[in-house]
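Asks: Build me a model from this:
(2 chains)
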There are 2 protein chains.
Amino acid sequence: MPDYDFTAPRLFVDAPLIEGGAVALDRSQSNYLGNVLRLGAGDHVLIFNGRDGEWQAAIEGRKRPDGLTIRQRVRPQDRLADIAYVFAPLKHARLDYMVQKAVEMGAATLTPVLTRHTQVSRVNGERMRANVIEAAEQCGILSLAEVKDPVPLERFIRERPGSRMLVFCDEAAEIADPLQALRGGSAGGAGIDLLIGPEGGFAADERELLLRQPHVTRLALGPRILRADTAGVAALALVQATLGDWGSRAG
Amino acid sequence: MPDYDFTAPRLFVDAPLIEGGAVALDRSQSNYLGNVLRLGAGDHVLIFNGRDGEWQAAIEGRKRPDGLTIRQRVRPQDRLADIAYVFAPLKHARLDYMVQKAVEMGAATLTPVLTRHTQVSRVNGERMRANVIEAAEQCGILSLAEVKDPVPLERFIRERPGSRMLVFCDEAAEIADPLQALRGGSAGGAGIDLLIGPEGGFAADERELLLRQPHVTRLALGPRILRADTAGVAALALVQATLGDWGSRAG
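Replies: Numbering: from 1, shown residues only, chains lettered A, B, ... in the order given. Predicted coordinates for the structure are as follows:
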């Protein structure tokens, strides 16, 4: 993204964005702009809501920032490639990190799946959404990944549309060219579900279930063991470069 | 890596490994095995030194683990692809993380380079080495990445062998298929230097200098801004899959 100023303060606001419109700031946003960034009336910020593109807005407020006046649109809304990141959740800080990385890498949907060897049974959806917003604010992202409720793996498989491609990162797969696997894979034409398992690996019956699905591509990520968050970024890089928006179709 | 037990306790030891040999444990290793893992005399661990492969060893010691007897080799030594990860260092915890991820991804060398916009001027080499060992222990890696001293970018460029391929991840490059760029790039035949810049980007004259180098390939990592540690993992995934040991040449 050439020439994009990623040092400019950037805020997600949950409000419609139109020229001349006004946006109220909540307390944490006001605190962030006024006390952390030391901005005041007349200073500019960039705002986005995930639907209406990115806008320049001017800070209003006598003592501290309490609202914004929307000036002009600086970037049109974009659309993410239809890539769902489906993953066994990790604990606390590592889950925060995994979510932020998946957002940077352009996942459109985040779906936690509970597998036999998943070490986490409860997932804080609000915290995941806050991490999505933080990563989008920091990285100039305009389309927010949707956060789904956690679901057991078997139910996820039963309920997903069979027309989607299922890219299954399998630590037990023989080493084989992952780019060839992705390019030669059977694309269902209705988006991609990219599945990253737990660090304990999949159970044998889970693996069998996954390999029986239509449009399944089994992906090997090299000869070394990767931690789950590393595997997520690596697999998203390969999927974006072969089938997503990093290649010639982008821009 | 099918069938590799990555729950087994694994220790790096800086000693020659031969059948029947003895290895002394330092205090932190003894504490880790005895107090953290609650292992004692007769229990087995896996050990490696970065040169002689991986060995099974038995814990010795009356009150607490104070040595190991080397039993048998369980994996031969491997070699990493000649990929140097050359990066503008980050601060503290994010540098730890970046080093660990580069090791997981199979970088053979880690070289911090200081650029105009690098926010860090001092790099703790001992801490980087400790992170290399920790990542190798956790992820079943047998070959330890070599940690180089920090060097200014201009000097790095002047002193590197011009026969190496220079993969330059440039946030200002137009979006273009990164796999095509890597496959079509001019490989010097003497390994790969993968360069990840600072989060403030490269200065204009640094970019010009880089683009003048022989065997340079400019890499675009998609339409979104990536944080430096994310860019590192993503770029290593693409390089390993096209030119490194993730493809058909592996295993």
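
Asks: Helices of the stretch 101-250 of chain A, residue ranges please.
Replies: All helices of the stretch 101-250 of chain A, identified by DSSP state H, counting those that start in this stretch, fall at A:125-139, A:153-159, A:178-184, A:204-211, A:228-242.

Asks: Need those helices in JSON lines (columns: mean pLDDT and mean neighbour count).
Replies: No exception for glycine: its C-beta is placed from N, CA and C like everyone else's. Listed next are the helices of the stretch 101-250 of chain A as JSON lines, based on pLDDT from 0 to 100; neighbours: other CB atoms under 10 Å in any protein chain shown:
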{"stretch": "helix A:125-139", "mean pLDDT": "95", "mean neighbour count": "18"}
{"stretch": "helix A:153-159", "mean pLDDT": "97", "mean neighbour count": "15"}
{"stretch": "helix A:178-184", "mean pLDDT": "93", "mean neighbour count": "17"}
{"stretch": "helix A:204-211", "mean pLDDT": "96", "mean neighbour count": "14"}
{"stretch": "helix A:228-242", "mean pLDDT": "96", "mean neighbour count": "25"}
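
Asks: Which of the ones you listed sits closest to chain B?
Replies: Evaluated over the helices of the stretch 101-250 of chain A, closeness to chain B peaks at helix A:228-242, with 3.8 Å, by CB to the nearest CB.

Asks: wait, does the closest one contact chain B?
Replies: Yes: Helix A:228-242 reaches chain B (CB under 8 Å from any CB of the partner chain) through A:230, A:233-238, A:240-242.

Asks: What does A:Asn35 show for phi and psi?
Replies: Here is the backbone geometry of A:Asn35 (degrees, to the nearest 10): phi -90, psi -30.

Asks: Name the nearest residue to it, sequence neighbours excluded.
Replies: Of all residues not flanking A:Asn35 in the chain, A:Arg64 sits nearest, at 7.9 Å (CB to CB, 6 or more residues apart in numbering or on different chains).

Asks: what's the distance between that neighbour and B:Glu159?
Replies: According to CB to CB, to the nearest Å, A:Arg64 stands 52 Å off from B:Glu159.

Asks: again with A:Thr7
Replies: Separation of A:Thr7 from B:Glu159 (CB to CB) stands at 32 Å.

Asks: Kindly report the same for A:Ala176.
Replies: Distance from A:Ala176 to B:Glu159, by CB to CB: 38 Å.

Asks: Tell me where chain A is predicted with low confidence.
Replies: Low-confidence segments of chain A (pLDDT under 70): A:1-6, A:248-251.

Asks: Excluding sequence neighbours, find me the nearest residue to the residue most central in space within chain A.
Replies: Residue closest to the average C-alpha location in chain A (CA atoms, centre = their mean): A:Val103, at 2.7 Å. Nearest non-adjacent residue to A:Val103, counting by CB to CB, 6+ apart: A:Ala135, 3.9 Å away.

Asks: next one: A:Leu46
Replies: Spatial nearest neighbour of A:Leu46, excluding adjacent residues (CB to CB, 6+ apart): A:Arg10 at 4.6 Å.

Asks: now A:Pro214
Replies: Closest residue to A:Pro214 apart from its sequence neighbours, by CB to CB, 6+ apart: A:Gly162 at 5.0 Å.

Asks: check contacts around that neighbour.
Replies: A:Gly162 makes contact with A:188, A:213-215 under the criterion CB atoms under 8 Å, 6 or more residues apart in numbering or on different chains.

Asks: Can stretch A:118-133 be said to contact chain B?
Replies: No: using CB under 8 Å from any CB, we find that stretch A:118-133 stays clear of chain B, coming within 12.2 Å at best.

Asks: Now do that stretch: distance from first to last residue.
Replies: Chord length of stretch A:118-133, first to last residue, is 25 Å (CA to CA, to the nearest Å).

Asks: Relative to the whole chain's centre, how far out is that stretch?
Replies: 12 Å (CA atoms, centre = their mean, to the nearest Å).
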